[in-house]
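*Asks:* Here is my input; please provide its structure:
(chains A, B and C)
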Amino acid sequence: MGRIVLEKVQKKFGEVEVIPPLDLTIEDGEFTVFVGPSGCGKSTLLRLIAGLEDTTSGRIVIDDADATEVPPAKRGLAMVFQSYALYPHMSVRKNIAFPMKMAKMPEDEQNRRIEAAAKALNLTDYLDRKPGQLSGGQRQRVAIGRSIVREPSAFLFDEPLSNLDAALRVGMRLEISELHERLKTTMIYVTHDQVEAMTMADKIVVLRAGHIEQVGSPLELYHKPRNEFVAGFIGSPKMNIIHGEEAQKLGATGVGIRPEHIDVSKTDGMWKGRVGVAEHLGSDTFIHVHDTGLGEMITVRITGDIEARHGDTIYLTPQMDQLHKFDQQGLRVE
Amino acid sequence: MARAVTQKRKIINTTAAWAVGLLIFFPILWTILTSFKTEAVAIADPPVFLGFDWTLENYATVLERSDYARFLWNSIIIAGGSTVLGIIIAIPAAWSMAFVPSKRTKDILLWMLSTKMLPAVGVLYPIYLIFIRMGLLDTKIGLMIVLMLINLPIIVWMLYTYFKEIPGEILEAARMDGASLKEEVIHILTPMAIPGIASTLLLNVILAWNEAFWTLNLTAAKAAPLTAFIASYSSPEGLFYAKLSAASTMAIAPILILGWFSQKQLVSGLTFGAVK
Amino acid sequence: MATQHSRSAARLMMAPAVVLLLGWMLVPLTMTLWFSFKKYLPLRGGDLGWVGFDNYVRFVTSSSFWPSVWTTLTIVGGVLIITIVLGVLLAILLNQPMWGQGIVRILVIAPFFVMPTVSALVWKNMFMDPVNGLFAHLWKFFGAEPMVWLTEASLESIILIVSWQWLPFATLILLTAIQSLDGEQLEASEMDGATPLARFGYIVLPHLGRAITIVLLIQTIFLLSIFAEIFVTTQGAFGTKTLTYLIFQRVLESQNIGLGSAGGVYAIILANIVAIFLMRIVGKNLDA
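*Replies:* You can find the predicted model right below:
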């Protein structure tokens, strides 16, 4: 079990309100990602759930029991930290055993679980090493191993991949997703990287300045962002959002067009512009277009390769059925 | 250094550094050498450096005249005891300052250090009175308490700086793993801080060993440590250089050897953990 | 990172140290204040009643007061300047590549382990003695008249002895700090055309700022109360009477507790002035 409900949870540091009263339900078995720019309160929210911070007001309910005043150790949650927080003076085996030792689990049961976790995480050969002798990815796996052996009701991940290099990050992303598929345990995952959010989550919670901007599945957020902030945050490259006269013509105060929803032509189209930088990735080409008269630089994504040089004239036409329209408050209008 | 250094530069560096090092060390070396001379050789003009008949008679005389073993034992008990006592009291305090900092943490820390600035002489008589009243005068336990108190701020500060280097996330991880506060301190914090604690221990043994205000003023015969033993040579007896040197060598040898053997810990201890 | 629970536990764990130090500070301090307003001569009649600020006035108006303050500040200042300047130079020297660096370091640290009574005795008798001291031999060797160090240059002699004891400390801290200096920074400044002197002034010295602060703080704490060195060498004669020593004489030698206590209060005030001044600098530097 691992159903976590936040009721009017609020957090102040002194006079500063980091999390205004907030409600959120995380269903059992769900992979929930908290995403937002740095300083949006996502880590604080996770630490409130973990019990590493006190709530200023409100209730945290875990599996139908009020856990607001319960110390972290008693909440039945496990956490993987950004720095992995491995105990440097203990071997990998002892690191993984630590939570079980604290729970006074019988020795043979401990060993059985250590072996199982080590096997699942490819750590069998490293059990007697110290964390200092491991690579970043291995340390990451030890931290995960340490959290799974106690069979928590939910896992909390605090930006666990941000210290890994790009290639490893992709690999670990898959491993964590696999782990979730296998364990079917609730996971709450904090990241500032929207790619991680999109690829891993069942449910994404987008936060800004402590406020929840939108809750939904990755595709809901992609297709129906509730406001300009979410629209700009989810998707890569970023959605183009235009204001002013051209937006008025399209029937809204703000109009968002994803780079992949713009057609390109060398001869004619709705907007005429000049090619700035063209990034050729092979599979895709990103073209940054200037001087369109839209007030913003427009980014276009084209599948495959296209001949585009700096300074070339180019014509852009948005796909009308893929426009996102926003009102004066930046909220979505249908 | 990424660049190769020319042989010539290295020779110059080495010569200069050794010259300065020997110059600084010379008073100690001279004392040790003199302790093996006869009194006549010790004041020979011009001074004799190495070419003399080595003798142990000064050591024999000093040992015969005063109860060196008792002074040594007192020094060991007082320096060791005050340090251990101080560490036991300081660990929890440093823990809470490093890991549960509040707005006042820095003020408390600085206040503690400032008590170290209280001139001992300003409170000498009151302490003297209290000691007489409580029967602590000329006792080892009395000195242990006083030296513990005067070094406590330093111990707290050193441990604090060492503890602060331990990432808070590791302690939080322990908490998430179900460790109680006690288990956290025993299983995680203390083992991780052992190098720091060792440095603190060493430095404070040295400070306590060499402390010479309270040890001179609060002891008479029974509890007097080596500082008092050596101060007794400030009288005209001090003019017997060879014996003075032998006594001096015996007073500093234990700590000098301890210091040299644990040089690495000491260097980090000496920097009070505050300089990387 | 704190929860209410850990905060109260923290307060509890801090209590013993805070309470002990508070007691250690307040109890004797209160007694000193109490005595300072009394005429109290334990060997000549004991408690002779309240005298108001008499002791304070007598202590400041005594001819030895201002000289003793001056002596104290001269010794502290002199030793600080010598140890820091030489410490920086030595640290730079020891940081150069050389053979036997470890051994040189041991040689340089050694004076720190020597108890003050020993070092004062050794310097006084075996080096500064005008007849048999090594300095006397050295002077004679060069055809000069040997100096009576502790009489003719008493303050300088004491500063020399104390500097010798504290130079290792300063050197070690500064050496550790220098070793942590990022080599790339120096290379970058070299690429930018900085001369060795400019590199020292703009890169090395600022980098040492924090370490110098630490040296300043710790040494001042210990230097303000140096005692053994004077006790053993001059007994406060020849202009080496520091405030500490003056009070010591009033209390223990003339057994005038009231007067000594008033002096103690002055010493505490002096220490506090220095402390406030220092804490300002250090407090700022500790944030870093």
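
*Asks:* which parts of the stretch 51-200 of chain A sit against chain B?
*Replies:* A:52, A:71-74, A:77-79, A:81-83, A:85-89, A:98-99, A:102-103, A:146, A:150 (Cβ under 8 Å from any Cβ of the partner chain). C-beta here means a position set from N, CA and C on the backbone, and glycine is covered the same way.

*Asks:* at 6 Å instead, please
*Replies:* With Cβ under 6 Å from any Cβ of the partner chain as the criterion, the stretch 51-200 of chain A meets chain B at residues A:52, A:72-73, A:79, A:81, A:83, A:85, A:87, A:89, A:98-99, A:102-103.

*Asks:* Please apply the same query to the stretch 101-250 of chain C.
*Replies:* Applying Cβ under 6 Å from any Cβ, we find that the stretch 101-250 of chain C lies next to chain B at C:104, C:106-108, C:110, C:113-118, C:121-122, C:125-126, C:132, C:137, C:172-173, C:176-177, C:180, C:211, C:214, C:221, C:225, C:227-228, C:232, C:244, C:247-248.

*Asks:* about what we covered before: can you tell me which of the residues of the stretch 51-200 of chain A next to chain B are classed as buried?
*Replies:* A:52, A:72-73, A:79, A:81, A:83, A:85, A:87, A:89, A:98-99, A:102 (16 or more other Cβ atoms under 10 Å in any protein chain shown).

*Asks:* now, among these, which is nearest to residue B:155?
*Replies:* residue A:89 (22.1 Å; Cβ to Cβ).

*Asks:* And that closest one, how close does it get to chain C?
*Replies:* 21 Å (Cβ to the nearest Cβ, to the nearest Å).

*Asks:* measure residue A:126 to chain C for me?
*Replies:* According to Cβ to the nearest Cβ, residue A:126 and chain C sit 30 Å apart.

*Asks:* Model confidence for that residue, exactly?
*Replies:* pLDDT for residue A:126: 92.

*Asks:* ok, for it, nearest residue in space, not its chain neighbours?
*Replies:* Distance criterion Cβ to Cβ, 6 or more residues apart in numbering or on different chains; nearest residue to residue A:126, sequence neighbours excluded, is residue A:92 at 5.4 Å.

*Asks:* So that neighbour versus residue A:129, what's the distance?
*Replies:* Distance, residue A:92 to residue A:129, using Cβ to Cβ, to the nearest Å: 6 Å.

*Asks:* Identify the residue spatially nearest to residue 139, adjacent ones excluded.
*Replies:* By default, I'm working from chain A. Of all residues not flanking residue A:139 in the chain, residue A:84 sits nearest, at 4.8 Å (Cβ to Cβ, 6+ apart).

*Asks:* wrong one, chain C
*Replies:* residue C:146 (4.6 Å).

*Asks:* now do residue C:93
*Replies:* According to Cβ to Cβ, 6+ apart, the nearest residue to residue C:93 is residue B:17 (5.5 Å).

*Asks:* Now do the buried residues in the helix or strand harbouring the one you found.
*Replies:* Assigned by DSSP states H and E, residue B:17 belongs to helix B:7-34. By neighbour count on 16+ other Cβ under 10 Å, the buried set for helix B:7-34 is B:13-14, B:17-18, B:20-21, B:24-25, B:27-28, B:30-34.

*Asks:* tell me which of those residues is nearest to residue C:193?
*Replies:* Checking these against residue C:193 with Cβ to Cβ, the nearest one is residue B:13 at 25.0 Å.

*Asks:* what residues are up against the closest one?
*Replies:* Residues counted as contacts of residue B:13 (Cβ atoms under 6 Å, 6 or more residues apart in numbering or on different chains) are C:96, C:98.
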